[in-house]
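J.: coords please:
(chains A and B)
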Amino acid sequence: MSGDPAVYEGLDETGTARAGQASRAVPVAIEVSHLTKVFGGRTAVSDVSFSVASGEVFGFLGPNGAGKTTTVRTLGTLIAPSSGVAIVAGIPLNAKNGPAIRSRISIMPESPGLYLRLTVLENLECFAGLYELDDVRGRIGWALRAVNLEDRARDLCGSLSKGLLQRVALARALLNDPAVLFLDEPTSGLDPVATRDVHELIGSLRERGVTIFLTTHRLEEAERLCHRVAIMSTTLRLIGRPDELRERLFRRSLDVRVRMPLDDPQAVLGAMPEVEGWEQTPSGYTLTVSDPDLAAPALARALVAADADILSLAESHHSLEDVYLELIDEDVEARSR
Amino acid sequence: MSFSWTRVGAILLKELRDYRRNRFVIGTMAMVPVLFIILPMIQLFAANATGKDLGVHVGLSLLYLLVIPVMMPSVVSAYSVVGERDQGTLEPVLITPIRPEEFLIGKALAAFVPTLVIAYAVFGIFLGAAALFANPVIDSAIYAGTHVLVQLVFTPLLAGWAIWVGIAVSTRSKDVRAAQQLSVLGGVPPLVILALMSLNVITVSTALALGLAAALLAVDLLAWRVVAAMFDRERLVTGRPR
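T.: As a prediction, this is how the structure comes out:
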């Protein structure tokens, strides 16, 4: 799903408010402009610009080595950008502001990174101290309730399953009530049940209006949880709501399945003004059209007139995965040229 | 944001809690004192009360005791940064507002406090055993000159030196074992000077002992700042310098 698009419809490609919609103020949680990070001679992130609105769940997708984690670490002040500027949680990103930014955000790294010889409670007490929280017991109790782990507080982390460790890591990330929560591959390596639990937690955080920056490989996860997604491959390739990306990348088309192929498909399909192009598939035809609602009835009539037995006729659906694979394939082709 | 003792305390408490359940740390903290209480006892009871080498025996036995504040924290502090990095627990800590100085002081105190308690306890046991079981001449030789002063003053200072060397090596190292070996070696130089003092190669007055102690204290304080400057979040997280 693309989340609750009402607020985020007013954002353009980079996430800033479109002209004419300025009256609808969208507070910005993250603003990144021309961010670049070079390690030695290798560019990990190149000229990336985007904004994330306050309360938005923003998906950051890309293959391994695309620069997702580097971007998160840069915005989290763990590593310094080579060039470019950013504002995180309302604070300009620079070395001096590192502690201030880190006190207002949380990052849940891909690996939970918990002290396995300490109990859940002892782990959280340590981090409550690092954030200098006033009501330590209250905050820990709230964080444990948020991840449904109150009854495991006295358990050693070393005795917990991977899914439970992820939940403890999420509780740790919630301790300081962050303005922006970065989740780096939160469901990596989890089984379906643990993945569902983490999804439910992210969903509940989204309901509470927490700004979430979610990096993931799982496209269905991004489609289900995120208001908008960005696809990275060192550079920012696409950004927008999942349905927008589909429309932008794929022309609208109809899939028709027929019992037997047409004798002369060009004579039937090529003659239709609504059809811009067509190709044969194993079970029928895929037609590129500008308006599926107009083209579908005309196509049905034309096929019936040509004595074709229609098994199904529907608009093609492209998933976020199709969008992603299309872009990544383009990158692979570009590199091989 | 100013220096926070709350954050230092959080690291210190976490480390002490971790030590309790860490067999390696428990083993190191148990074995080193046991070994270095046996060796000085052997030296002490092997000494001839009327022999010319009584001073050497007493000096050597006290020198063994000074190995405790060098060796024990070296092994623990060498693990402090590279060990956390290996376990994947360093990045979540670096994501918090903690400053390098706070993190390092927390780590250093966690190695320093148990070392000091154990080293002084072992010294107390040594003095008690000497008073109860050794020849009174040998026992009084322990209190002659600057022996006791050197033990009391140099135990925390040597521990401080060993800890900062250990943490410095750990900050730059990529391997826990290599860090531990290097840090034990790095703790040795001040011990050499103390060996010359303990064995009466260098005749030590109280003023000279205190002067050397002040110099080592200054080095320990400076080392904190130097190690904090070496603490590069980017290198620790990515393995590459900025």
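
J.: mind checking pLDDT for residue 159?
T.: I went with chain A, as the question did not name one. Listed pLDDT for A:S159 reads 95.

J.: my bad, chain B
T.: 93.

J.: who's in contact with the closest residue to it other than its chain neighbours?
T.: Closest residue in space to B:A159, ignoring its immediate chain neighbours: B:P69 at 3.9 Å, by CB to CB, 6 or more residues apart in numbering or on different chains. Backbone N, C-alpha and C define where each C-beta goes, glycine included. Contact partners of B:P69, counting by CB atoms under 8 Å, 6 or more residues apart in numbering or on different chains, are B:T115, B:L116, B:A119, B:F154, B:T155, B:P156, B:L158, B:A159, B:A162.

J.: Of those, just say which sits nearest to chain A.
T.: Proximity of the contacts of B:P69 to chain A (CB to the nearest CB) peaks at B:T115, which lies at 20.1 Å.

J.: A:G163: what's it in contact with?
T.: Contacts of A:G163 by CB under 8 Å, 6+ apart are A:L190, A:D191, A:V193, A:A194, A:D197, A:V198.

J.: Which of the contacts of B:P69 ranks first by neighbour count?
T.: Among these, B:A162 has the most neighbours (other CB atoms under 10 Å in any protein chain shown), with 31 neighbours.

J.: Helix or strand for it, just tell me which one.
T.: Applying DSSP states H and E as the criterion places B:A162 in helix B:147-172.

J.: Tell me which residues of that helix come out buried.
T.: Using 16 or more other CB atoms under 10 Å in any protein chain shown as the test for burial, helix B:147-172 gives B:147, B:150-151, B:153-172.

J.: State the mean pLDDT of the helix or strand just after it.
T.: Once the chain leaves helix B:147-172, the next helix or strand it forms, by DSSP H and E, is helix B:176-186. Averaged across helix B:176-186, pLDDT comes to 85.

J.: Could you check the angle the helix or strand following helix B:176-186 makes with helix B:147-172?
T.: Using DSSP H and E, the helix or strand that follows helix B:176-186 in sequence is helix B:188-198. Angle, helix B:188-198 to helix B:147-172, by axes from the mean of the first three to the mean of the last three CA atoms, to 10 degrees: 170 degrees.

J.: Could you list the residues in contact with helix B:188-198?
T.: By CB under 8 Å, 6+ apart, helix B:188-198 touches B:59-60, B:62-63, B:66-67, B:70, B:146-147, B:150, B:154, B:157-158, B:161, B:201-202, B:204, B:209, B:212, B:216.

J.: coming back round to it: max pairwise distance over the contacts of B:P69: which two?
T.: Spatial extent of the contacts of B:P69 (CB to CB) is set by the pair B:T115 and B:F154 at 12.8 Å.

J.: buried residues in stretch B:120-127?
T.: Buried-residue list, stretch B:120-127, by 16+ other CB under 10 Å: B:Y120, B:V122, B:F123, B:F126, B:L127.

J.: and it, average pLDDT?
T.: Stretch B:120-127 comes out at a mean pLDDT of 93.

J.: The residue lying farthest from the centre of chain B: which element?
T.: The centre of chain B is farthest from one residue, B:T50, which by CA atoms, centre = their mean lies 34.2 Å away. In this structure, B:T50 sits in neither a helix nor a strand according to DSSP H and E.

J.: list the contacts for it?
T.: B:V137.

J.: Kindly report the same for A:L190.
T.: A:K162, A:G163, A:Q166, A:V198.

J.: Can you tell me which of those has the most neighbours?
T.: Top of those by neighbour count (other CB under 10 Å): A:Q166, with 28 neighbours.

J.: What values do phi and psi take at it?
T.: phi -60, psi -40 (degrees, to the nearest 10).

J.: just checking, it touches A:P186?
T.: Yes: assessed by CB atoms under 8 Å, A:Q166 is found in contact with A:P186 at 6.4 Å.

J.: could you dump the contacts of A:L190 to TSV with secondary structure?
T.: Listed next are the contacts of A:L190 as TSV, based on DSSP: H, G, I helix; E, B strand; the rest coil:
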residue	secondary structure
A:K162	helix
A:G163	helix
A:Q166	helix
A:V198	helix
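
J.: Which pair of those residues spans the longest distance?
T.: Largest pairwise distance in these, by CB to CB, is 10.9 Å, between A:K162 and A:V198.

J.: B:F154 contacts B:L66, doesn't it?
T.: Yes: if you go by CB under 8 Å, B:F154 and B:L66 touch, sitting 6.3 Å apart.

J.: sorry, back to before: mind putting the contacts of B:P69 into a markdown table with distance to B:L132?
T.: Shown next, in a markdown table, are the contacts of B:P69 (distance: CB to CB, whole Å):
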| residue | distance to B:L132 |
| --- | --- |
| B:T115 | 26 |
| B:L116 | 24 |
| B:A119 | 21 |
| B:F154 | 25 |
| B:T155 | 22 |
| B:P156 | 27 |
| B:L158 | 27 |
| B:A159 | 27 |
| B:A162 | 31 |
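
J.: Are the longest helix anywhere in chain B and chain A in contact anywhere?
T.: In terms of residue count, the longest helix belonging to chain B (DSSP state H) is helix B:100-133. No: against chain A, helix B:100-133 shows no contacts by CB under 8 Å from any CB of the partner chain, the least distance being 8.8 Å.

J.: most centrally placed residue in chain B?
T.: B:A159 (2.5 Å).

J.: my read: it touches B:V113, true?
T.: No: contact between B:A159 and B:V113 fails when scored by CB under 8 Å: they sit 9.7 Å apart.

J.: interface residues of chain B facing chain A?
T.: Residues of chain B lying near chain A (CB under 8 Å from any CB): B:1, B:4, B:6-7, B:9-11, B:13-14, B:17-18, B:21-22, B:87-99, B:233-234, B:237-238, B:240, B:242.

J.: out of these, which are buried?
T.: B:4, B:7, B:9-11, B:13-14, B:17-18, B:22, B:87, B:89-99, B:233-234, B:237-238.

J.: so is the closest residue to A:G270 other than its chain neighbours in a helix, a strand, or just coil?
T.: Take A:G270 and drop its neighbours on the chain: the residue closest to it by CB to CB, 6+ apart is A:W278, 7.2 Å away. Here A:W278 is recorded as strand under three-state DSSP.

J.: Pretty sure A:W278 sits against A:L287.
T.: Yes: when contacts are counted by CB under 8 Å, A:W278 is listed as touching A:L287 (4.6 Å).

J.: Tally up the residues packed near the residue in the stretch 201-337 of chain A that chain B sits nearest to, please.
T.: Nearest to chain B, among the residues of the stretch 201-337 of chain A, is A:F213, at 13.2 Å (CB to the nearest CB). Using other CB under 10 Å, A:F213 has 27 neighbouring residues.

J.: Just to be sure, it is in a strand?
T.: Yes: counting by three-state DSSP, A:F213 falls inside a strand.

J.: so it bridges to which residues?
T.: A:F213 has the following beta-bridge partners by DSSP bridges: A:F58, A:F182.

J.: That one and B:F133, how far apart?
T.: Taking CB to CB, to the nearest Å as the measure, A:F213 falls 68 Å from B:F133.

J.: Within the helices and strands, which one has A:V268?
T.: helix A:265-269.

J.: same question but for A:R257, I mixed them up
T.: strand A:253-258.

J.: picking up where we left off before, quickly list what's touching both of A:W278 and A:L287.
T.: With CB under 8 Å, 6+ apart, A:W278 and A:L287 have common neighbours A:L269.

J.: residues of the helix or strand of chain B with the lowest mean pLDDT that come out buried?
T.: When the helices and strands of chain B are scored by mean pLDDT, DSSP states H and E, helix B:188-198 comes last with a mean of 78. The neighbour-count check on helix B:188-198 (16+ other CB under 10 Å) flags B:P190, B:L191, B:L194, B:A195, B:M197, B:S198 as buried.

J.: With that, I have no additional questions.
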